[in-house]
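*Asks:* Structure here, sequence nowhere to be found:
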């Protein structure tokens, strides 16, 4: 499998967050990447136990673009960046190499809900 | 307009206090997300793609200037300085923190605003005619009955956990500006042959996966029995609606499966056994509510405003504004002023905090402090002296909200779509912006005439695409944004559901295809025909061939 | 034995539950003592209710959400209790069932909420005529009582006969209760 990261929304703020070593970070660039399906699964179960920190953790596919992680799905690209209608709102406003890589990536080929495990791949 | 008395204020305050406690218990872990989610939805708090979204209720689309100023304050203090008006005449804030929600609700409660039942499987906000109390063509003021419904439905203990959401619309004029026939209950004010005020009751309308037009189960319901009759409908739905499949849980499915006649009989049987006197409002309460809406001291003015006419002659943009955005008022010398939130290039339905403050000031100065919200995501100043229209227009120009495009091609309804909404398959706003850009030139938009384009980012149809003259539905095709076009829908009194034009188109083909459709219309139309009329006369074929010949 | 909370006056109190839920597959004791109180499923009541009532036992019937109260209408005068099930707290059919029991059938026995019964729905249940609860959360009677008094006013008439706002507003002497 390609690599995956675990994402969720923070309970108090509602922000998009990504799992990194037992906690949660705001930038996809800093997320922990999983290449091994069973490690991913185990960690996802742990993440789901953090019910007063985050809501509804799930795994998403990422691809590497110039070394930067980029969500494979279009929907998750918007989640990682912010609304395309307001380029100064959301994480995209922070800029940086990670953001630029996501913004530049075409993101085709995977169902735009992006959620692993719920949808059978074509 | 109706002002909250001590009882209304207490109920809102108590609900806000209850929610504060529920948030604390969620944050501490005492409540699970599963237990908390319906509670927060019933206070209008969604989890969207980027943050929580708070949907504040604007009951039957009526706001005071003070309330609009408070919404501006919320936008500034707790959000990113703007809000979004919706197709159910509520307002959404996109960047809310759960931790701030209790403070926001307390602040809203101070001016009689709340977020009660703007989501969840309960009775939602009522959509009423935005021209209520201002148009000459109404049988009776829908706001009186909408306020009665608001009170009856708020925290109704029996109907708080319905199979699914429930939406009611009340229209009182020949022209339906509420899309009543695609609501779960559509109520049309009417008079019986002997002059008794009543409602035609339609049930089972709806959009989404399986659209339906509502069917009449009662031709004439005496108005005083409105609440008991609604109780009978809701109780029937609560008991019989499906709970096994959320896509089959709306009342429209129940009505379709029983048949409207059988469903109507169930309702009548239940209604006959209800203690109607306990539920229906006494005359004295109806009179109290009605009096609240009759609080405007109109002046005695000539029907024609020389000042306005002179100003129009001197200013073509004002003349265009009056032509498209100002509707006739029942009182001579006044007009109903529509404020378009669809300036081409802007996000449809969005309004910045500064714009809200400015509109509130215009309402105070020129409009008796009253603002309305329409289901087309625009605003209305319902009572403006024609003499004052030039000043209002100038004020709107200063804040970039003077687009003279009401009901024209650039007056597009669009849901937030995949830019914001966790349910969406595709984006809607950029599509709307691309189309609006093609009709930005005002004279051209006027030449095309009335054309209601409605865009939904997913099948939930919050953009009302089923009832667009041109409807656009975002779908996900192999991970990319595609759009299915429909033609010939209408949410007005001539309600109809749109027909699919052909296979879904990629995003960059949508705006050019709309251009093509308009070209066909301009070629085929006979004098006086709107786009919708031409389509209804000539059918799909010419439109389809034109669009798909190009797409090949 | 699960906890039982009951409405007493304007408070919620905790108490013993005199009723025993007789599962469908458990044979009844050959001779129930007259002090017994049992809750039967609707199906079981239809089969054996007459016989059990004849022994002088207090009988309650448990209705699932898809079992209509109309099916019990004839027998209600003989029943001490109706238990209405909430398989999930979001299944709101029992609110209508309770309302009908109180308002239409004037049932004067105990109307008990069973299943996924949580304190955040306490006031809704109370307003619809429930007066007993088998709570599924860890909330205390104090917390349940708090829920009862959470709202100073209510808008609409319901089975609990609380004065609705429109009646409170009426001038003295017209439409006021008490």
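*Replies:* Here it is on my side, so go on. Quantities reported herein were computed from a predicted structural model and do not represent experimental measurements.
*Asks:* Could you give the secondary structure assignment for the residue in chain A that chain C sits nearest to?
*Replies:* Closest approach between chain A and chain C, counting by C-beta to the nearest C-beta: residue A:51, at 15.5 Å. Using the backbone N, CA and C atoms, a C-beta is placed for each residue, glycine as well. Of the three states, residue A:51 takes coil under DSSP: H, G, I helix; E, B strand; the rest coil.
*Asks:* do you know how far it is from residue C:136?
*Replies:* 18 Å (C-beta to C-beta, to the nearest Å).
*Asks:* do the same with residue B:172
*Replies:* For residue B:172, the distance to residue C:136 - C-beta to C-beta - is 46 Å.
*Asks:* same check, this time on residue B:264
*Replies:* Taking C-beta to C-beta, one finds residue B:264 at 38 Å from residue C:136.
*Asks:* So which of the two has more stuff around it?
*Replies:* A direct count of neighbours by other C-beta atoms under 10 Å in any protein chain shown for residue B:264 and residue C:136 places residue B:264 higher, at 20 against 17.
*Asks:* Confirm that one sits in a helix?
*Replies:* Yes: counting by three-state DSSP, residue B:264 falls inside a helix.
*Asks:* Please name the residues that touch residue B:361.
*Replies:* B:65, B:395 (C-beta atoms under 8 Å, 6 or more residues apart in numbering or on different chains).
*Asks:* how about low-confidence regions in chain C?
*Replies:* Scanning chain C with the threshold set as pLDDT under 70 gives C:1-2, C:30-31, C:34, C:172-178.
*Asks:* so which strand or helix has residue B:253?
*Replies:* helix B:251-258 (DSSP states H and E).
*Asks:* now that helix: mean pLDDT?
*Replies:* For helix B:251-258, mean pLDDT rounds to 98.
*Asks:* near chain C, anything from that helix?
*Replies:* No: Helix B:251-258 is not in contact with chain C by C-beta under 8 Å from any C-beta of the partner chain; minimum separation 13.3 Å.
*Asks:* Which residues does that helix contact?
*Replies:* Residues outside helix B:251-258 that contact it (C-beta under 8 Å, 6+ apart) are B:164, B:166, B:184-185, B:203-206, B:210, B:212, B:214-215, B:233, B:237, B:240-242, B:263, B:266.
*Asks:* could you list every residue that touches the spatially closest residue to residue B:486 that is not a sequence neighbour?
*Replies:* Closest residue to residue B:486 apart from its sequence neighbours, by C-beta to C-beta, 6 or more residues apart in numbering or on different chains: residue B:498 at 3.2 Å. Neighbouring residues of residue B:498 by C-beta under 8 Å, 6+ apart: B:465-468, B:470-471, B:486-489.
*Asks:* before we move on, which element is the residue of chain C positioned farthest from its centre in?
*Replies:* Ranking residues of chain C by C-alpha distance from their mean position (C-alpha atoms, centre = their mean) puts residue C:171 at the top, at 34.5 Å. Using DSSP H and E, residue C:171 sits in no helix or strand.
*Asks:* Tally up the residues packed near the closest residue to it other than its chain neighbours, please.
*Replies:* In space, and not counting its chain neighbours, residue C:171 is closest to residue B:284: 7.6 Å by C-beta to C-beta, 6+ apart. By other C-beta under 10 Å, 14 other residues sit near residue B:284.
*Asks:* so is residue B:284 in a helix, a strand, or just coil?
*Replies:* helix.
*Asks:* That one contacts residue C:170, doesn't it?
*Replies:* Yes: look at residue B:284 against residue C:170 with C-beta atoms under 8 Å: they come within range, at 5.8 Å.
*Asks:* what about stretch B:13-25 and chain A, touching?
*Replies:* No: Stretch B:13-25 is not in contact with chain A by C-beta under 8 Å from any C-beta; minimum separation 9.5 Å.
*Asks:* Need the mean per-residue confidence for that stretch.
*Replies:* pLDDT averaged over stretch B:13-25 gives 97.
*Asks:* go on, stretch B:412-419?
*Replies:* Mean predicted confidence for stretch B:412-419 is 97.
*Asks:* so, in contact with chain A or not, that stretch?
*Replies:* Yes: Stretch B:412-419 comes into contact with chain A (C-beta under 8 Å from any C-beta), by way of B:418-419.
*Asks:* For the nearest residue to residue B:8 once chain neighbours are set aside, report the pLDDT, please.
*Replies:* Nearest residue to residue B:8, sequence neighbours excluded (C-beta to C-beta, 6+ apart): residue B:112, at 6.9 Å. Note on residue B:112: pLDDT of 97.
*Asks:* Can you give me the distance of residue B:112 to chain A?
*Replies:* Using C-beta to the nearest C-beta, to the nearest Å, one obtains 26 Å as the distance from residue B:112 to chain A.
*Asks:* before we move on, what about residue C:67?
*Replies:* 34 Å.
*Asks:* Same check on residue C:98?
*Replies:* 32 Å.
*Asks:* so which strand or helix has that residue?
*Replies:* Going by DSSP H and E, residue C:98 is in helix C:93-103.
*Asks:* For the strand or helix carrying residue B:548, which outside residues touch it?
*Replies:* If you go by DSSP H and E, residue B:548 is part of helix B:541-551. Applying C-beta under 8 Å, 6+ apart, the external contacts of helix B:541-551 come out as B:485, B:487, B:501-503, B:505, B:509, B:512-513, B:516-517, B:519-520, B:524, B:535.
*Asks:* for the residues you listed, which one is nearest chain C?
*Replies:* Using C-beta to the nearest C-beta, these come closest to chain C at residue B:485, 36.8 Å.
*Asks:* residues near residue C:100, how many?
*Replies:* 23.
*Asks:* Please list all residues in contact with the closest residue to it other than its chain neighbours.
*Replies:* Distances taken as C-beta to C-beta, 6+ apart place residue C:69 nearest to residue C:100, at 5.0 Å, with adjacent residues excluded. With contacts defined as C-beta under 8 Å, 6+ apart, residue C:69 is in contact with C:63, C:82, C:97, C:100-101, C:105.
*Asks:* Flag the shaky bits of chain A, pLDDT-wise.
*Replies:* In chain A, residues with pLDDT under 70: A:1, A:106-122.
*Asks:* longest helix in it, by residue count?
*Replies:* helix A:37-48 (DSSP state H).
*Asks:* For the stretch 51-200 of chain B, which segments count as helices?
*Replies:* With DSSP state H, counting those that start in this stretch, the ranges of helices along the stretch 51-200 of chain B come out as B:65-78, B:101-110, B:142-153.
*Asks:* In CSV: the ones you listed, plus distance to chain A and mean neighbour count.
*Replies:* CSV is the format used below for the helices of the stretch 51-200 of chain B (distance: least, C-beta to the nearest C-beta, whole Å; neighbours: other C-beta atoms under 10 Å in any protein chain shown):
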stretch, distance to chain A, mean neighbour count
helix B:65-78, 12, 21
helix B:101-110, 10, 19
helix B:142-153, 28, 26
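*Asks:* so where do the helices sit in chain C?
*Replies:* C:42-54, C:93-103, C:122-127, C:141-148, C:165-169.
*Asks:* Turn these into CSV, including distance to residue A:69.
*Replies:* Putting those into CSV (distance: least, C-beta to C-beta, whole Å) gives the following:
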stretch, distance to residue A:69
helix C:42-54, 57
helix C:93-103, 47
helix C:122-127, 47
helix C:141-148, 46
helix C:165-169, 56
